[in-house]
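Novice: can't give you the sequence, but here's the structure:
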């Protein structure tokens, strides 16, 4: 998260009064009575109130959906709006799930409850809107979003149909003597829908996002198979590359299986999480209520008996709930083998594939994923992916995990998708994280660890190491205690100290928050935590770490071989213009910030830091190729370290062409801000001579 953004969030949090004591007495009595039966918060009860109809609805207005009787696992749904008069720029449509009917007050639990009085007088609309705004803003999202008291999965202004405000699509509702006396307007919107297991409906509002009033609702629409196994992704479980973990989501709790190779089968273990597993404090979190959506069941199976660097076919599911399509998987090279090619990045998230507004959209995410998919599908060998924190940015709005998993699955189902935890997965007030900002929206690592089981030390201990080819990866959590003598600190020191530099000559250290950054700083939450640097940086030098990869800051920055803010080694350019660090006489690690995979990009300060060699603010990812003697990395800048491998990385895709890329109008290659192709490739390498 950007530091400047955090300051704004804190201002918002402390300027909004969300204390229950500020609610009207009648509402407090009602919520207290219902809480004894429903075990839900005051906030959810306000949710149920707020989705009320306008007092004077249009009698001709109708919203309907053009689709099959039941929804497939992915489709574009056409929403038809007719009978509008007059059309307004403040009209909009939300996709709600589960459908609103499940959120109407049940009078069995409150027989003396006067719903009409409650709707009209029972709650301050201003209070409801303030709470909704706080749910978004505490996670860092300050964009304009619908201020309902029930979170919409996505929303669009009706004026997205360019014919709407002009009333080009009109109907005659009443005619007298052949003359139309009542004419109404219509519109058509397209929504991208994926299988989130619960039924959906589309609701039309007027009044804009800030003062909405419900006009009309569509019928409920259900998914054809809410239990369908979906969104598979693969991860390594050890350094032998003979076992791989497959994780997927289904609406069914019964164990399923993955069938792979030559009639081999592995059965799934099944887990899930509930609202009770989320965390909250004096600041109520979105995950506990407002943003909650049932995650279904997360299945995980370990495929054994595999061979390293080998292609396999597989499918997952069961006869009772259905099977996935046949998928392809390539295992990574085993520890000690001669070569590894991997991609790395941080801070991806997701973005809508339609014209909708969603909570916490990361504008570069779709383009970057498509670029990597093309690289893999075009025959370019990639052995694994490392996503180093800020994974989905769901931040307590749980349906967004499904959209993220859907986005990455075509890629993550083919090769190991290894992750590190970030602030937007773990941090919350009074949650035990190092930082007390509410960045996870109350998830506190629960959703992340369930969706992405890594070979970690245990529950809520999300640090681990893995070896692939000639590289040893030490993956840490910057959100858990890293101070001297802490469990994680001792593990880091032991893990790096035990690396066999003959078998795996390259040691890469990675986590989320950086040690070096030239992005603007603020006193409250600076880009770099000096205490983290003071505690952990000496370990990097002592264990001769070659390359340090971090995210959190949303740009690309590469350093000299640096320690304690002093350059101990500078690269030289080879005949091809590649920056080359000679590690035959080790001096210090090279650091690279690669939080460039999706989140809105960060700027740099005007001040030049002597340790900062390259600064690029564009979307993309790092591509690395490691051999026993070289580690070669490229982005739109490419670099190499010689003396203990380092590989190349690549940044692709700028901001303003994201929509064109999403629609397939442009190929996801390196582009400048005008959309022109860039030919230059900057390289860096580490080499062992």
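Specialist: Great, that's in hand. All of these numbers come straight from a predicted model, not from anything done at the bench.

Novice: how about the helices of the stretch 251-400 of the chain, start to end?
Specialist: When assigned using DSSP state H, counting those that start in this stretch, the helices of the stretch 251-400 of the chain occupy the ranges 365-377, 399-412.

Novice: same check, this time on the chain
Specialist: Per DSSP state H, the chain carries helices over the ranges 3-15, 25-38, 42-50, 115-117, 125-137, 365-377, 399-412, 423-426, 446-451, 487-497, 530-542, 658-662.

Novice: which of those helices has the lowest average pLDDT?
Specialist: Within those, confidence is poorest for helix 3-15, with a mean of 23 (mean pLDDT).

Novice: flag the shaky bits of this structure, pLDDT-wise.
Specialist: In the prediction, the chain carries residues with pLDDT under 70 at positions 1-57, 99-130, 149-150, 523-524, 636-640, 642-689.

Novice: how is it partitioned into domains?
Specialist: According to automatic domain parsing, the chain is divided into the following domains: 3-223, 230-629+645-687.

Novice: mind putting those domains into CSV with mean neighbour count?
Specialist: From N, CA and C alone the C-beta is placed, and that goes for glycine too. Formatted as CSV, these follow (neighbours: other C-beta atoms under 10 Å):
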stretch, mean neighbour count
domain 3-223, 17
domain 230-629+645-687, 21
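
Novice: in TSV: those, plus distance to residue 635.
Specialist: As requested, the domains of the chain are arranged in TSV below (distance: least, C-beta to C-beta, whole Å):
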stretch	distance to residue 635
domain 3-223	23
domain 230-629+645-687	4
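
Novice: how close does residue 541 sit to residue 533?
Specialist: Using C-beta to C-beta, to the nearest Å, one gets 12 Å for the distance from residue 541 to residue 533.

Novice: scratch that, residue 554 is what I was asking about
Specialist: Counting by C-beta to C-beta, the gap from residue 554 to residue 533 is 20 Å.

Novice: show me which strand runs longest in the protein.
Specialist: Selection of the longest strand in the chain by residue count, based on DSSP state E, yields strand 179-194.

Novice: return the distance of that one from the chain's centre.
Specialist: 33 Å (C-alpha atoms, centre = their mean, to the nearest Å).

Novice: just use 498 as the starting number from now, easier for me
Specialist: In the new numbering, first residue 498, that becomes strand 676-691.

Novice: who are the packing partners of it?
Specialist: When contacts are defined as 3 or more C-beta pairs under 8 Å, 6 or more residues apart in numbering; DSSP states H and E, strand 676-691 sits against strand 571-581, strand 589-593, strand 651-654, strand 667-673, helix 896-909.

Novice: now the angle between helix 862-874 and the longest one, please.
Specialist: Going back to what we said before, that points to helix 896-909. Following axes from the mean of the first three to the mean of the last three C-alpha atoms, to 10 degrees, one obtains 20 degrees for the angle between helix 896-909 and helix 862-874.

Novice: what is helix 896-909 packed up against?
Specialist: With contacts taken as 3+ C-beta pairs under 8 Å, 6+ apart, helix 896-909 sits against strand 676-691, strand 727-733, helix 862-874, helix 943-948.

Novice: ok and the longest one relative to strand 727-733, angle-wise?
Specialist: Which is strand 676-691. Here the directions of strand 676-691 and strand 727-733 differ by 30 degrees (the same axes, to 10 degrees).

Novice: returning to that earlier point: to residue 1082, which of the helices of the stretch 748-897 of the chain lies closest?
Specialist: The minimum distance between residue 1082 and those falls on helix 862-874, with 34.6 Å, by C-beta to C-beta.

Novice: returning to what we had before: got JSON lines for the helices and strands packed on helix 896-909, with distance to residue 710 too?
Specialist: Converted to JSON lines, those look like this (distance: least, C-beta to C-beta, whole Å):
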{"stretch": "strand 676-691", "distance to residue 710": "18"}
{"stretch": "strand 727-733", "distance to residue 710": "36"}
{"stretch": "helix 862-874", "distance to residue 710": "33"}
{"stretch": "helix 943-948", "distance to residue 710": "33"}
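
Novice: ok, which of those comes nearest residue 999?
Specialist: Closest approach to residue 999 among these (C-beta to C-beta): strand 727-733, 21.6 Å.

Novice: just the residues contacting that closest one, thanks.
Specialist: Contact partners of strand 727-733, identified using C-beta atoms under 8 Å, 6 or more residues apart in numbering, comprise 570, 692, 741-747, 813, 821, 824, 826, 829, 881, 899, 902-903, 905-906, 909-916, 949-952, 963, 965.

Novice: that older thread, out of the helices and strands packed on strand 676-691, nearest to residue 1124?
Specialist: With distances scored as C-beta to C-beta, the stretch of the helices and strands packed on strand 676-691 nearest to residue 1124 is helix 896-909 (24.3 Å).

Novice: show me what contacts the residue nearest in space to the middle of the chain?
Specialist: For the chain, the residue whose C-alpha lies nearest the mean C-alpha position (C-alpha atoms, centre = their mean) is residue 889; its distance is 1.1 Å. Listed by C-beta under 8 Å, 6+ apart, the contact partners of residue 889 are 845, 846, 847, 897, 898, 900, 901, 902.

Novice: hang on, isn't the third one packed against residue 1095?
Specialist: Yes: checked against C-beta atoms under 8 Å, the pair residue 847 and residue 1095 is within contact range at 7.4 Å.

Novice: common neighbours of these two, please.
Specialist: Each of 859, 862 lies in contact with both residue 847 and residue 1095 under the rule C-beta under 8 Å, 6+ apart.

Novice: report the separation between residue 685 and residue 556.
Specialist: Separation of residue 685 from residue 556 (C-beta to C-beta): 21 Å.
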